[in-house]
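S.K.: sequence and predicted structure below; questions after.
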Amino acid sequence: MAEVEVKMNDGIIKNLTIDNYDAEEIAERLNDSKHNMIALGSGSRAVVVQRYSIVRITPVELKDEDQNEDEDGE
């Protein structure tokens, strides 16, 4: 499982848990023009969003590392 932050183009940020997080698979699903909606998350906290409304999906652990680097001045 991976905790991810999903940023939408209207500024809304969703924090979700995704089973078997695979960035390449999610990118393929988001770029599939056959579908307008995408389900993200696991269990009762899953959300369904318009695929073109998503700006960025970032694993929280990577986001935390980026913030630590910014604070350290690196």
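M.R.: Yes, it's here.

S.K.: make it CA atoms for all contacts and neighbour counts henceforth
M.R.: Noted.

S.K.: run a quick neighbour tally on Leu30.
M.R.: Leu30 has 19 neighbouring residues, counting by other C-alpha atoms under 10 Å.

S.K.: quick check: end-to-end length of stretch 40-52?
M.R.: For stretch 40-52, the separation between the terminal residues is 13 Å (C-alpha to C-alpha, to the nearest Å).

S.K.: of all the residues in that stretch, which ones are buried?
M.R.: Buried residues in stretch 40-52, counted by 16 or more other C-alpha atoms under 10 Å: 40-41, 51.

S.K.: what residues does that stretch touch?
M.R.: 16-19, 30-31, 35-39 (C-alpha atoms under 8 Å, 6 or more residues apart in numbering).

S.K.: pLDDT check: weakest of these?
M.R.: On pLDDT alone, Asp19 ranks lowest of the contacts of stretch 40-52, at 87.

S.K.: so where do the strands sit in the chain?
M.R.: 2-8, 13-18, 37-40, 47-50, 54-59 (DSSP state E).
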